[in-house]
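J.: need coordinates for the following:
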Amino acid sequence: MRRRHFLPIPLCLPLARLAWAQPTTPEPEDAPQPPPHYNVSAAQLQAGVAQRFPMRFPVQGLMNLDVQVPQLLLLPAVNRLGAVMDVVAAGPALERTHQGTLDVEFALRYEATDRTVRAHQLRFKRLLFPTLQPSVVALLNTYGPALAQQTLLEVVVHTLRPQDLALPDALGMQPGRMTVTNEGLTIGFVPKLRPD
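T.: Presented below is the predicted three-dimensional model:
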């Protein structure tokens with residue numbers, strides 16, 4: 001009777017999401033193999049960023065801006081994400097509530113201390129309120145960059161689980177380059193730096 005050999009369960013689980021790129025055509029045995037990578041879908045990114053919202057920001061005691069859950073946009077051409085957020089303006093300085101949008105884009109970075117992928121290098125694009133007077137919109141746009149920073153800078157868009165990193169860690173690798181694709185995000189793994 002032949003014995004069957006099985007991988008331990010903790011090593012099998014990460015293989016479901018950890019992709020080892022396979023060449024489409026046979027390569028010589030000494031050809032370098034593509035590095036492993038980890039894929040995060042657009043839906044996972046959207047779910048990750050949604051956890052912090054909605055948020056409220058006061059503007060000089062005149063009104064409040066309520067920022068709703070961002071709708072993420074994949075921007076692979078510039079390796080960034082975009083975010084469009086509905087904003088509701090209401091308060092003593094306004095006769096009624098007004099609906100607007102906040103539009104930003106940002107890059108991503110990996111934070112090893114808590115295994116998170118975070119928004120950084122934020123760029124404010126625009127804050128629009130079609131039903132507000134232009135002078136009020138101009139005032140609000142002076143707060144736009146600060147509002148964008150407070151809403152999304154360093155916001156966690158995804159958290160890797162320990163089991164997601166178990167196999168790369170055993171191979172002496174760690175998360176490296178972040179690449180935005182048409183499907184979501186690809187996290188490449190690179191060899192760990194050895195302490196001097």
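
J.: where in this structure is pLDDT low?
T.: 1-35, 194-196 (pLDDT under 70).

J.: again, 90 this time
T.: Along the chain, the model assigns pLDDT under 90 to residues 1-37, 58-63, 91-95, 133, 135-144, 147, 150, 167-172, 192-196.

J.: tell me the centre residue of it?
T.: V157 (3.7 Å; CA atoms, centre = their mean).

J.: so who does that residue touch?
T.: V157 makes contacts with 45, 48-49, 72, 81, 108, 117-119, as judged by CB atoms under 8 Å, 6 or more residues apart in numbering. In this view, the C-beta of every residue, glycine as well, is placed from N, C-alpha and C.

J.: same check, this time on A43
T.: The contact partners of A43, taken as CB under 8 Å, 6+ apart, are G184.

J.: what comes up buried for the strand or helix carrying it?
T.: Here A43, judged by DSSP states H and E, is contained in helix 42-50. Judged by neighbour count (16 or more other CB atoms under 10 Å), helix 42-50 contains these buried residues: 42, 44-46, 48-49.

J.: C-terminal to it, what's the next element?
T.: Criterion used, DSSP H and E; the element after helix 42-50 is strand 55-59.

J.: same for that following strand, what does it pack against?
T.: Applying 3 or more CB pairs under 8 Å, 6 or more residues apart in numbering; DSSP states H and E, one finds that strand 55-59 makes contact with strand 63-67, helix 134-152.

J.: what pairs with the shortest one, and is each one parallel or antiparallel?
T.: Looking at strand 63-67 with DSSP bridges, its partner strands are strand 55-59 (antiparallel), strand 80-90 (antiparallel).

J.: ok now the last one, how far from the chain's centre?
T.: In this case it means strand 80-90. 15 Å (CA atoms, centre = their mean, to the nearest Å).

J.: run the angle between the next helix or strand after that strand and strand 80-90 for me.
T.: For strand 80-90, the following helix or strand on the C-terminal side (DSSP H and E) is strand 98-111. Counting by axes from the mean of the first three to the mean of the last three CA atoms, to 10 degrees, strand 98-111 lies at 140 degrees to strand 80-90.

J.: buried residues in whichever helix or strand comes after strand 98-111?
T.: Going down the chain from strand 98-111, the next helix or strand is strand 116-128, by DSSP H and E. Residues 116-119, 122, 124, 127-128 are the ones in strand 116-128 that count as buried (16+ other CB under 10 Å).

J.: which of those sits closest to A146?
T.: F124 (8.7 Å; CB to CB).

J.: and the strands paired with strand 63-67 as CSV, adding distance to V190 and mean neighbour count?
T.: Formatted as CSV, those follow (distance: least, CB to CB, whole Å; neighbours: other CB atoms under 10 Å):
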stretch, distance to V190, mean neighbour count
strand 55-59, 35, 13
strand 80-90, 21, 20
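
J.: let me know which of these is the nearest to G100.
T.: Proximity to G100 (CB to CB) singles out strand 80-90 among the strands paired with strand 63-67, at 4.6 Å.

J.: alpha carbons only: can I get that closest one in CSV?
T.: Only the C-alpha atoms of strand 80-90 are listed here, as CSV (Å, rounded to 0.1, in the frame of the first residue of the first chain):
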residue,chain,number,x,y,z
ARG,A,80,-3.4,54.4,-8.0
LEU,A,81,-6.9,54.2,-6.7
GLY,A,82,-9.6,56.9,-7.0
ALA,A,83,-12.4,57.5,-4.6
VAL,A,84,-15.6,59.4,-5.1
MET,A,85,-17.6,60.1,-2.0
ASP,A,86,-21.1,61.6,-1.6
VAL,A,87,-21.0,64.5,0.9
VAL,A,88,-24.1,66.1,2.6
ALA,A,89,-23.7,69.7,3.8
ALA,A,90,-26.2,70.9,6.4
